[in-house]
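In: Got a predicted model here, sequence first, then my questions.
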There are 2 protein chains.
Amino acid sequence: MNMLFSLTIIMSHKPTLPKGTRDFNALQVQRRKYILQTIELVFKKYGFMPIETPAMENLSTLEGKYGEEGDQLLFRILNSGDYLKELKDYTDRMLADESMDRTFLPSISGKLKDLDAKASIKFLAEKGLRYDLTVPFARYVVMNRNEITFPFRRYQMQPVWRADRPQKGRYREFWQCDADVIGSNSLLNEIDLILIYAEVFTALAVPYEIKLNNRKVLTGIAEVVKGKDQMNAIALSIDKLDKVGDEGVRNELSKYGFTQNEIQLLFEIIQSKGEQQFDELKIKLKDSAEGLKGIEELEHIIHTIAALPNKPVNLSTCFSLARGLTYYTGAIFEVVATAGSIKSSIGGGGRYDNLTGIFGLPDVSGVGISFGLDRIYDVMEDLSLFPDSLQASTTRILCCYFDKSGQAYAINAAAQMRQAGIATEVYPDVVKKIGKQLDYANALNIPFAVIIGENEIKSGKPVLKNLTAGTQQELSLADIITHIQSHLV
Amino acid sequence: MNMLFSLTIIMSHKPTLPKGTRDFNALQVQRRKYILQTIELVFKKYGFMPIETPAMENLSTLEGKYGEEGDQLLFRILNSGDYLKELKDYTDRMLADESMDRTFLPSISGKLKDLDAKASIKFLAEKGLRYDLTVPFARYVVMNRNEITFPFRRYQMQPVWRADRPQKGRYREFWQCDADVIGSNSLLNEIDLILIYAEVFTALAVPYEIKLNNRKVLTGIAEVVKGKDQMNAIALSIDKLDKVGDEGVRNELSKYGFTQNEIQLLFEIIQSKGEQQFDELKIKLKDSAEGLKGIEELEHIIHTIAALPNKPVNLSTCFSLARGLTYYTGAIFEVVATAGSIKSSIGGGGRYDNLTGIFGLPDVSGVGISFGLDRIYDVMEDLSLFPDSLQASTTRILCCYFDKSGQAYAINAAAQMRQAGIATEVYPDVVKKIGKQLDYANALNIPFAVIIGENEIKSGKPVLKNLTAGTQQELSLADIITHIQSHLV
């Protein structure tokens, strides 16, 4: 094999990652875990319990739940077994024989004939990857309703997959951290979920704002401005306010047939702010019972939270918030970072009155929030918010030595240090140069090294080096352990 | 809509899970996390660093790495976009028109013609789900070799997917927890990995045995018994010893053309046990340099571990251990539970000299182990080893009340308790019956409840109920917090 040929082989094997997916190195994993653990600790403090669902769901569970666009973004899993093999045989044959007649079509066509036309894709795929955590949760509740104690406060922290066009801040595999309460209509749940948002982002030092709206208010606005049936048109348009601005929304509403007066009235309502906002809105929405109910709910939530002994909660109403045409029927939440370059939301959620209905269990009300781990990570990186104490390696001490007998001593010393709970490594290979071993420790920011030479073995006092301070001293193993433990805090 | 029709709708929506996949309820998640955290803590104590890789890999990364059977068990992800749509159009058309001529075949056939015959499946799927953690790790090392400090001690704890026939103890989604050292030939790594096995299973109270062999010994045995080229035949046969027994192995070897004398010699060698085993084997394998090297390695590992101040390590040689025809070139590990009904391995691993070679980075030696989370879970459940302290809910106290003013008091009390770090719930709905609220607490094993009535609000001393002991007392909020904190330990 000549050089060029072997080079070609190497090149041709050069591995890559699927578009929109990422590896995480040790530092990134530690930082992601820091966020996850912070969220989880708060979820638990508010009485939420974990569940997990499989990555794969039946397509019948997923399809039709996320709109037409969502269906297109589902990752579908090829059925294994004969269908696949038959299709492969068939395509192989077709490739081999240009003149292949239809009578050569293999048994696959027979199978296809038995299927409903709309189900024809089923012979290829019947499973898909989880697209969010809400629909699997609804399925879980329906399947396990006899074992669940309601109201059910569940949290779930798992990856989801969407075949979205990858771009900055948008990945094809990303993590959601959801907390939902199902089986209770009380606004106390909305209040708890808002407090969770505040507590998590305060703990992470992320500057945040929680925006709050209510679907009933949106209905009320539609009713007052033009008619209840215009709710979707209004919701779709004003939800884009941040993206397209006032003019953009006005133009879109014109296209939907709204008059200038109607648009003017709409903008007056959704731009209410400050202390008087609820009084103003109660007057403006006085002809909509549903709208007034929405205002009352918002007011109760905001006033209750303001009266609590908690740290200040950055919460404000946003009457243009609609979060698309989703299943929300009451409260709507969205969280954004108020500093840095990342403008997209880092959390969102709301109340839905009939989520499990799609799986045959009607009239179960729920309310939930979601944290977007990857977005929060990007915000924290953007704003340099990760604690310096988070390092790729959590090893505290590296045992270094010169020869076989030093190695034997080192293994024994390491065993004692590990028994004392100290994360310890022994440099695995006998390399005479201590410098190379210390290079390894420095590259991984390991704070201590112990050097084991012939004299140190004799005296029973190896040299302990503090690699950060650059100091060193001869100490017994017991003293080394005490010394390092005092630095663990 | 009549009753029967609406019932049909409900039935037709009844959701299910894909075959071989499972949901985990709160208690199961807590127990799985307990195992994962125990393993992770030990990984860190031995200086391993975490990485994570995406669930989806390119099929070119996965295919050909797990043998033909492995390729068949890969879950493949359907390409999104036009190919799929074209195939659907095509099948729909074929279904609609029995007489469809080959000239009607859509542009898909044109696309297929451009492809290599063997690549014909690519138009359907180019990505697959992670089948294990070792191949993605090898890919990771090759792609990130310039950023990695070698020797690289990495751990990875993530789910993998295999389209295996589901059966007891075998799932289509299951978790592996791997630790590998790459870039070091030292046997110190094997020793560390064995110590990790011992420490984890001791911490989990799982009765275990670590079986150790060496691929070089297997080569030596083949060389001595019949010839080096018989290594695979021998390895394949004796690996089944536990399953098919002595007779089964003897029969299979006969079929491979081994004489009775050869089989007799083989059994004498692999059945060496006890203190004299290494001396015996050194004599029996004296004509195989590679076999002697393997014995030397085994001896070094066993003697070094025996001399450490660790708790006893349940480690023994097993000369019939081969772990299939994998990429192992040195040490081979397998762990089994020594009690209970689950006989399959709960861990395994070994040394591989050229894993990254398949991705164009030759001559990098590695050694690794894997923990099978789901099998360990099954063993621990089988043997009732989970601590009672692991509960579905981790809530410490439920705030109960009778009316709106009680609710307001309860929210405020909960805020103070949460600020003190106590996991607290407020029963969300106003239900006059305290019994219903306490039923909820009892169903979730919440240990304390605080009852807030009119008198309690006036006196500032709600009733604290210890639901386990059945006792109760009137205490101020501050005293309640102190009382519960003293029970947290």
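Out: On my side now, so go ahead. Only a predicted model underlies this, so the values are computations on that prediction, with no experimental measurement involved.

In: what does the stretch 251-400 of chain A have sitting close to chain B?
Out: Taking Cβ under 8 Å from any Cβ of the partner chain as the test, the list of the stretch 251-400 of chain A residues beside chain B reads A:304, A:307-310, A:358-360, A:392-395, A:398. In this view, the C-beta of every residue, glycine as well, is placed from N, C-alpha and C.

In: Out of these, name the ones that lie in strands.
Out: When these are checked against strands (DSSP state E), the matches are residue A:398.

In: Looking at the residues of the stretch 251-400 of chain A next to chain B, spot the one nearest residue B:157.
Out: The nearest member of these to residue B:157, counting by Cβ to Cβ, is residue A:394 at 14.9 Å.

In: isn't that closest one right next to residue B:44, touching?
Out: Yes. In this structure, residue A:394 sits in contact with residue B:44. The criterion is Cβ atoms under 8 Å, and the distance is 5.1 Å.

In: The two - which one has more neighbours?
Out: Shown here are residue A:394 and residue B:44; by other Cβ atoms under 10 Å in any protein chain shown, residue A:394 has more neighbours (20 against 17).

In: show me what contacts that one?
Out: Neighbouring residues of residue A:394 by Cβ atoms under 8 Å, 6 or more residues apart in numbering or on different chains: A:30, A:423, B:44, B:49.

In: so what's it scoring on pLDDT?
Out: Residue A:394 is assigned a pLDDT of 97 by the prediction.

In: same check, this time on residue A:373
Out: Per-residue confidence at residue A:373 stands at 98 (pLDDT).

In: mind listing what the residue nearest to it when sequence neighbours are not counted touches?
Out: Distances taken as Cβ to Cβ, 6 or more residues apart in numbering or on different chains place residue A:175 nearest to residue A:373, at 3.8 Å, with adjacent residues excluded. Residues in contact with residue A:175, defined by Cβ under 8 Å, 6+ apart, are A:32, A:36, A:157-160, A:372-374.

In: so which of the residues you listed would you say is closest to chain B?
Out: Minimum distance to chain B across those is 6.6 Å, recorded for residue A:159 (Cβ to the nearest Cβ).

In: Wondering if the host helix or strand of the closest one reaches chain B at all.
Out: Under the criterion of DSSP states H and E, residue A:159 resides in strand A:152-161. Yes. With Cβ under 8 Å from any Cβ as the threshold, strand A:152-161 lies in contact with chain B, specifically through A:153-154, A:159, A:161.

In: Name the residues that touch that strand?
Out: Residues contacting strand A:152-161 (Cβ under 8 Å, 6+ apart): A:36, A:39-40, A:43, A:46-53, A:55, A:75, A:129-133, A:136-137, A:141, A:172-183, A:373, B:26, B:55-56, B:425.

In: Sheet partners, orientation included, of that strand?
Out: Using DSSP bridges, the strands paired with strand A:152-161 are strand A:49-50 (parallel), strand A:173-182 (antiparallel).

In: Next secondary structure after the last one?
Out: Stepping forward along the backbone from strand A:173-182, the first helix or strand reached (DSSP H and E) is helix A:188-203.

In: tell me which residues of that following helix are tucked away?
Out: Taking 16 or more other Cβ atoms under 10 Å in any protein chain shown as the basis for neighbour counts, the residues of helix A:188-203 that come out buried are A:188-202.

In: which ones among the residues you listed come in contact with chain B?
Out: Under the cut-off given by Cβ under 8 Å from any Cβ, chain B has A:188-189, A:191-192, A:195, A:199 from the buried residues of helix A:188-203 close to it.

In: Among those, which one lies nearest to chain B?
Out: Among these, and counting by Cβ to the nearest Cβ, the member closest to chain B is residue A:188, at 4.4 Å.

In: domain ranges for chain A?
Out: A:26-72+A:129-382, A:76-126, A:397-488 (automatic domain parsing).

In: in the helix of greatest length in chain A, what's buried?
Out: When every helix of chain A is counted residue by residue (DSSP state H), the longest turns out to be helix A:26-45. When neighbours are counted by 16+ other Cβ under 10 Å, the buried residues of helix A:26-45 are found to be A:26-36, A:38-40, A:42-45.

In: Show me what that helix is packed against.
Out: Helices and strands touching helix A:26-45, by 3 or more Cβ pairs under 8 Å, 6 or more residues apart in numbering or on different chains; DSSP states H and E, are strand A:152-161, strand A:173-182, helix A:188-203, helix A:373-382, strand B:49-50.

In: okay if I get these as CSV plus distance to residue B:450?
Out: Listed next are these as CSV, based on distance: least, Cβ to Cβ, whole Å:
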stretch, distance to residue B:450
strand A:152-161, 18
strand A:173-182, 20
helix A:188-203, 15
helix A:373-382, 34
strand B:49-50, 41
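
In: Tell me which of those lies nearest to residue B:409.
Out: For those, proximity to residue B:409 was assessed by Cβ to Cβ; helix A:188-203 is nearest, at 12.6 Å.

In: And the next helix or strand past that closest one?
Out: Stepping forward along the backbone from helix A:188-203, the first helix or strand reached (DSSP H and E) is strand A:208-214.

In: Going by neighbour count, which residues in that following strand are buried?
Out: Within strand A:208-214, the residues that qualify as buried are A:208, A:210-214, counting by 16+ other Cβ under 10 Å.

In: can you check stretch A:309-325 too?
Out: Buried residues in stretch A:309-325, defined by neighbour count with 16+ other Cβ under 10 Å: A:310, A:313-315, A:317-323.

In: just curious, which of the residues you listed is nearest to chain B?
Out: Of all the buried residues of stretch A:309-325, chain B sits closest to residue A:310, with 5.4 Å by Cβ to the nearest Cβ.

In: follow-up on the earlier one: overlap in contacts of residue A:394 and residue B:44?
Out: Overlap between the neighbourhoods of residue A:394 and residue B:44 consists of residue A:423, taking contacts as Cβ under 8 Å, 6+ apart.

In: what sits against whatever residue of the stretch 151-300 of chain A ends up closest to chain B?
Out: Residue nearest to chain B within the stretch 151-300 of chain A: residue A:186 (3.9 Å; Cβ to the nearest Cβ). Contacts of residue A:186 were listed using Cβ under 8 Å, 6+ apart, and they are B:428-430.

In: now, which of these lie within helices?
Out: Among the contacts of residue A:186, no member lies in helices (by DSSP H).

In: Buried ones among those residues?
Out: Burial by neighbour count, 16+ other Cβ under 10 Å: within the contacts of residue A:186 this picks out residue B:428.
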